[in-house]
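Participant: I'd like to go over a predicted model; first the sequence, then the structure.
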Amino acid sequence: MENDSILKVPLLARGWRFVAIALFPLPAILVIGLAFARTGIDPNEAAQVIYGFWAIAFGILNLTKEKEEDEMIQRFRLQAFQTGFYWLIWGLAALMLINYVRYDRLTSEIFTAYLVLFLLNLYIYAAFQLQLYKSRKEN
Amino acid sequence: MKNTIKVERARHNLTQQDLAEKVQVSRQTINSIEAGKYVPSTVLALKIAKVFEIALEEIFELEEGD
C-alpha cells in the first residue's frame, strides 16, 4: 500500500547518531570557551545555548533510523511522539502550577522555546527507548 | 489477541529468525508478536498466514477485551 509522500518523514542514516552524540558535550565546551574569552555571557543565555544544542541532538536521535526499521519500530516511533508530547504538556502544567504557588504568576523566564524543544525531544527519546527495552526483554 | 505462531513455527520447523526473514521484519518483532506484546498490522498478519499456508483466523484469535 502506498503512503502519502507529503506526510512521509524521511529518516536519517545511522551515521547521524555520531553527530548527535558529539552535540551533547559541545555546548558545555562552547560556554566554557566563551567564559574564558570573557565575552560576558549571561548565565541564562548559557543555559539556552545548552538547551538548544541538546534539543537538536535529541531531535537527530529521534529521526535516525534503527538497525532494523520495520512496522513495529514505526509504531513505536509514532507512539513515542504522542507520549512525549503528552508528558511535555503535563510537565509544563506542573511547572506553571509550581511557579504560581511560589511566585504568584504562571509564567517564568525559564519557559523558553529552547527548553520546551529540549524537553519534548528528550521525552520522545525516552518513550521510544522504553518501548524498545520492553520489546527486547525476552518473555 | 492470542496467536499460534509459536506452534505453527514448530510445525514448519522455522526459527523466529527464519520467519522474520520470510515476512521482512526483525526477529524482535516476531518475538513481540508471539509474546502478545505487539499486535501486527493486517498486512503483516496476512504475510504470516501465507507463510504457514493457513487462514488468518486459524493463527490469530480475539480475546475478551479486544
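Facilitator: Received it, and whenever you're ready, just let me know what you need. Numbers count the residues shown, from 1 in each chain, chains lettered A, B, ... in the order given.
Participant: any idea of the pLDDT on residue 57?
Facilitator: The chain I'm using is chain A. Reading off the confidence values, residue A:57 has pLDDT 97.
Participant: try again with chain B
Facilitator: For residue B:57, the model assigns a pLDDT of 92.
Participant: That one: helix or strand, and which one exactly?
Facilitator: For residue B:57, the host element (DSSP states H and E) is helix B:56-59.
Participant: Buried ones in that helix, by neighbour count?
Facilitator: Judged by neighbour count (16 or more other C-beta atoms under 10 Å in any protein chain shown), helix B:56-59 contains these buried residues: residue B:59. Every residue, glycine included, has its C-beta placed from N, CA and C.
Participant: Need the residues that contact it.
Facilitator: For helix B:56-59, contacts defined as C-beta atoms under 8 Å, 6 or more residues apart in numbering or on different chains pick out B:3, B:4, B:5, B:8, B:45, B:46, B:48, B:49, B:52.
Participant: Keeping just the C-alphas, turn that helix into PDB.
Facilitator: Taking C-alpha atoms only, helix B:56-59 is exported to PDB below (Å, rounded to 0.1, in the frame of the first residue of the first chain):
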ATOM      1  CA  LEU B  56      -5.600 -15.800   9.200                       C
ATOM      2  CA  GLU B  57      -8.200 -16.700  11.900                       C
ATOM      3  CA  GLU B  58      -6.500 -20.000  12.500                       C
ATOM      4  CA  ILE B  59      -3.400 -18.100  13.700                       C
END
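Participant: is the helix or strand following it up against chain A anywhere?
Facilitator: Next helix or strand after helix B:56-59 toward the C-terminus (DSSP H and E): strand B:60-61. No - counting by C-beta under 8 Å from any C-beta of the partner chain, chain A is not contacted by strand B:60-61; separation bottoms out at 15.4 Å.
Participant: quick one: strands adjacent to strand B:60-61?
Facilitator: Here strand B:60-61 is paired, per DSSP bridges, with strand B:2-3 (antiparallel).
Participant: Which is the succeeding secondary structure element to the strand it pairs with?
Facilitator: Later in the chain than strand B:2-3, the nearest helix or strand by DSSP H and E is helix B:5-11.
Participant: For that following helix, give me every contacting residue.
Facilitator: Helix B:5-11 has contacts (C-beta under 8 Å, 6+ apart) with B:15, B:16, B:18, B:19, B:30, B:33, B:34, B:48, B:52, B:54, B:59.
Participant: same deal with stretch A:24-42?
Facilitator: Stretch A:24-42 is contacted from outside by A:46, A:49, A:50, A:52, A:53, A:54, A:57, using C-beta under 8 Å, 6+ apart.
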